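Asker: Got a sequence here, can you build the structure:
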Amino acid sequence: MEENMRKVLAVLFIALVACSMIFAQAATETEKAPTELVIWAACQEKEAQNLVAAFNEIHPEIKVSIIRAGASELNNRLVAEWPSPSGDIMLGASQEIFDAPDQVEMFVPYRVANDANIPANLKDSKSEVPRYYSFSMPIQVLLVNTDMLKEEDYPKTWWDLGDPKYKGKIILGNPALSGGAYAQLYMMWKLYGYDLIPKVAANATYVPSSSTVTESVTRGEYAIGANPEYNVSSAMKKGAHIIAIYPEDGTGLRTDGSGIIKNGPNLAAAKLFMEFLTTEQAYKIIRETAGRRVPLESIPGPDFMPSLSEIKFFEYDAVEAGDVRDELTEYFTNLIVQ
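Answerer: Numbering: from 1, shown residues only. Prediction:
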């Protein structure tokens, strides 16, 4: 009898231990339920706000903080804070940041549910599991004030920007100060080496911010510029007498991206946000808020702009662009200070 009682007590003890472990695990999982998220946003503040508002309709339990700054500034912060960054998501930053060999490990490999609908060249294709997905596509185009040039005089290629007949008629962003302007400089170099850059530098006026280029061409201060297509589209919607010209020698297929920051404080919430960010709903918000071209074929490009299939592209090697950046910007700077 006593032996049976000991067996019963032993069974009860084991059951109690098992139950306590289950309850402890449940309590731990409850404690780890995502409640906060920190987004480092390189995109427009309104874009980030609209995306967060829609995300919170799905996940009202998560308090989201947005830190808005330029991509370079956010990248510098990531490097400075590593290996214990305070951010969870890098939103809308340039592809070069994600592809930089010394920073690849700073982002979490994570395959979203909508992965199959995002083209391979518009997400991280260098890793077995993507570390970033395209946020939008800042396709660089030429733009012309149609009141200042006849159609037969429009530049048709990047090479045309070096034609002496355009001297004093071109405005461009300074590639040493602007990420978009650097992309243009890299593309000229990729296509023509160092043959074209000095000719363009002799013809153009350079301004610190690329965002002012479309404005200056719209006002008739200059006849020609180069800018992301969505800036041109936005001005055309407001009635500007300008058009976008997609260079016949091609434009680089470039994307900006979003990814989960490794070692961030809120991994579970970051994964939920990445799932949302790569849905058609989120990409529509990006398209409607800023007129950007997004990677889903189901969503049309910016107003007045052609479909992707109508545009001539060449490979934009983000790693190479990063590797030669100091060399190219120094070369360019020496040209314009002569």
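Asker: All the strands of the stretch 51-200 of the chain, in order from the start?
Answerer: 63-68, 89-94, 133-136, 140-145, 170-173 (DSSP state E, counting those that start in this stretch).
Asker: Just put those strands in JSON lines and tack on mean pLDDT, mean neighbour count and distance to Pro306.
Answerer: No exception for glycine: its C-beta is placed from N, CA and C like everyone else's. Listed next are these as JSON lines, based on pLDDT from 0 to 100; neighbours: other Cβ atoms under 10 Å; distance: least, Cβ to Cβ, whole Å:
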{"stretch": "strand 63-68", "mean pLDDT": "98", "mean neighbour count": "16", "distance to Pro306": "31"}
{"stretch": "strand 89-94", "mean pLDDT": "96", "mean neighbour count": "26", "distance to Pro306": "23"}
{"stretch": "strand 133-136", "mean pLDDT": "98", "mean neighbour count": "26", "distance to Pro306": "17"}
{"stretch": "strand 140-145", "mean pLDDT": "98", "mean neighbour count": "23", "distance to Pro306": "10"}
{"stretch": "strand 170-173", "mean pLDDT": "97", "mean neighbour count": "24", "distance to Pro306": "23"}
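Asker: any chance of these in JSON lines, with distance to Ile299 too?
Answerer: Shown next, in JSON lines, are the strands of the stretch 51-200 of the chain (distance: least, Cβ to Cβ, whole Å):
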{"stretch": "strand 63-68", "distance to Ile299": "23"}
{"stretch": "strand 89-94", "distance to Ile299": "16"}
{"stretch": "strand 133-136", "distance to Ile299": "11"}
{"stretch": "strand 140-145", "distance to Ile299": "19"}
{"stretch": "strand 170-173", "distance to Ile299": "27"}
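Asker: Where does the prediction get shaky in this protein?
Answerer: The model of the chain has pLDDT under 70 over residues 1-32.
Asker: Let me see the backbone angles for the spatially most central residue of it.
Answerer: Geometric centre of the chain, nearest residue: Asp256, 2.1 Å, by Cα atoms, centre = their mean. Main-chain torsions, Asp256, degrees, to the nearest 10: phi -100, psi 160.
Asker: in the stretch 151-300 of the chain, which spans are helices?
Answerer: For the stretch 151-300 of the chain, the helices defined by DSSP state H, counting those that start in this stretch cover 179-192, 197-203, 211-218, 229-237, 267-277, 280-290.
Asker: For those, give me CSV that also has distance to Asn145 and mean neighbour count.
Answerer: Below are those laid out as CSV (distance: least, Cβ to Cβ, whole Å; neighbours: other Cβ atoms under 10 Å):
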stretch, distance to Asn145, mean neighbour count
helix 179-192, 18, 22
helix 197-203, 16, 19
helix 211-218, 5, 20
helix 229-237, 10, 22
helix 267-277, 37, 20
helix 280-290, 23, 18
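Asker: Just put the ones you listed in CSV and tack on distance to Ser298.
Answerer: Converted to CSV, the helices of the stretch 151-300 of the chain look like this (distance: least, Cβ to Cβ, whole Å):
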stretch, distance to Ser298
helix 179-192, 26
helix 197-203, 37
helix 211-218, 28
helix 229-237, 18
helix 267-277, 16
helix 280-290, 6
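Asker: Which one of those lies nearest to Leu51?
Answerer: Closest to Leu51 of the helices of the stretch 151-300 of the chain is helix 280-290 (Cβ to Cβ; 5.6 Å).
Asker: Let me know the angle separating that closest one from strand 89-94.
Answerer: Here the directions of helix 280-290 and strand 89-94 differ by 50 degrees (axes from the mean of the first three to the mean of the last three Cα atoms, to 10 degrees).
Asker: Of the strands of the stretch 51-200 of the chain, which is nearest Glu288?
Answerer: strand 133-136 (11.9 Å).
Asker: elements contacting the closest one?
Answerer: The helices and strands touching strand 133-136, judged by 3 or more Cβ pairs under 8 Å, 6 or more residues apart in numbering; DSSP states H and E, are strand 89-94, strand 256-260, helix 267-277, helix 280-290.
Asker: Give me the distance from that strand to the chain's centre.
Answerer: Relative to the centre of its chain, strand 133-136 is centred 6 Å away, using Cα atoms, centre = their mean, to the nearest Å.
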